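J.: Predicted model and sequence follow; I will ask about them next.
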Amino acid sequence: AQSVTQLGSHVSVSEGALVLLRCNYSSSVPPYLFWYVQYPNQGLQLLLKYTSAATLVKGINGFEAEFKKSETSFHLTKPSAHMSDAAEYFCASQSQNTGFQKLVFGTGTRLLVSP
Amino acid sequence: SQTIHQWPATLVQPVGSPLSLECTVEGTSNPNLYWYRQAAGRGLQLLFYSVGIGQISSEVPQNLSASRPQDRQFILSSKKLLLSDSGFYLCAWTLPGAYEQYFGPGTRLTVT
């Protein structure tokens, strides 16, 4: 069964610093991969997605992620953190083999941004 | 454009009371619909999904049920709430064959 692991339940950065949120997937066949962001008491918003096209994926709000098959990773990065980036981030995978779309989510990483 | 609505936004219910949460999608037809629960400090747990009217699949056995009376309406129900039902309930949709899911604003349920 596929699974997603997000390393670090909390990540703290200073404003202007690099943001790196880690995600590793476990699947015999590389899945589709997604990053979602959740602000307090809101739903999830799609940041970006990997669907077997380019391995470097650019998303909204200046975020990007790189799919690395050799490392089974899909880490999320942003060159310079803003205070508004403080939120919870979820990595999710979806098998390419199933006929129905079910997402498997990681447990989330809370990003804290300090002035 | 498509939008997804959930109501109520917040709900406080006593143990043993019934529950009905509603989700509707606008601007699309024949979506796949999902109910998730997010407990405090935990990730998202898929509860139910539906590929069409009256078609419900359950992922986790529990005292919750779901129904899809109309193409773009998805309802989550319970006859008797438990304390463990507290959480943030999210509805999501996707078009058949598409990859990404889009989420509603959520309902915060507190069972007291």
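T.: That came in fine, so what should we check first?

J.: contacting residues for residue 44?
T.: Assuming you mean chain A. Residue A:44 makes contact with A:36, A:37, A:38, A:90, B:44, B:90, B:92, B:103, according to CB atoms under 8 Å, 6 or more residues apart in numbering or on different chains. Placement of C-beta: from N, CA and C, glycine included.

J.: if you could check chain B rather than the one you did, that'd help
T.: A:44, A:90, A:105, B:36, B:37, B:38, B:90.

J.: From these, pick the one nearest residue B:14.
T.: Set against residue B:14, the nearest of these by CB to CB is residue B:37 (19.0 Å).

J.: Give the ranges of residues in chain A that sit below the confidence cut-off.
T.: A:97-101 (pLDDT under 70).

J.: Strands of that one, start to end?
T.: A:3-7, A:10-14, A:19-26, A:32-38, A:44-50, A:56-58, A:64-68, A:73-78, A:87-94, A:104-105, A:109-114 (DSSP state E).

J.: what's the closest of these to residue B:14?
T.: strand A:32-38 (28.1 Å).

J.: Buried ones in that closest one, by neighbour count?
T.: Neighbour-count burial for strand A:32-38, counted by 16 or more other CB atoms under 10 Å in any protein chain shown, picks out A:32, A:33, A:34, A:35, A:36, A:37, A:38.

J.: sorry, back to before: tabulate the contacts of residue B:44 in JSON lines, adding columns for distance to residue B:81.
T.: JSON lines is the format used below for these (distance: CB to CB, whole Å):
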{"residue": "A:44", "distance to residue B:81": "24"}
{"residue": "A:90", "distance to residue B:81": "26"}
{"residue": "A:105", "distance to residue B:81": "24"}
{"residue": "B:36", "distance to residue B:81": "18"}
{"residue": "B:37", "distance to residue B:81": "13"}
{"residue": "B:38", "distance to residue B:81": "17"}
{"residue": "B:90", "distance to residue B:81": "18"}
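
J.: For the residues you listed, which single residue is the most surrounded?
T.: residue A:44 (28 neighbours; other CB atoms under 10 Å in any protein chain shown).

J.: what does chain B put close to chain A?
T.: B:6, B:32, B:42-44, B:46, B:49, B:51, B:88, B:90, B:92, B:94, B:98-106, B:108 (CB under 8 Å from any CB of the partner chain).

J.: same thing but at 10 Å, please
T.: B:4, B:6, B:9-10, B:32, B:34, B:36, B:38, B:41-46, B:49, B:51, B:57, B:59, B:88, B:90-92, B:94-106, B:108 (CB under 10 Å from any CB of the partner chain).
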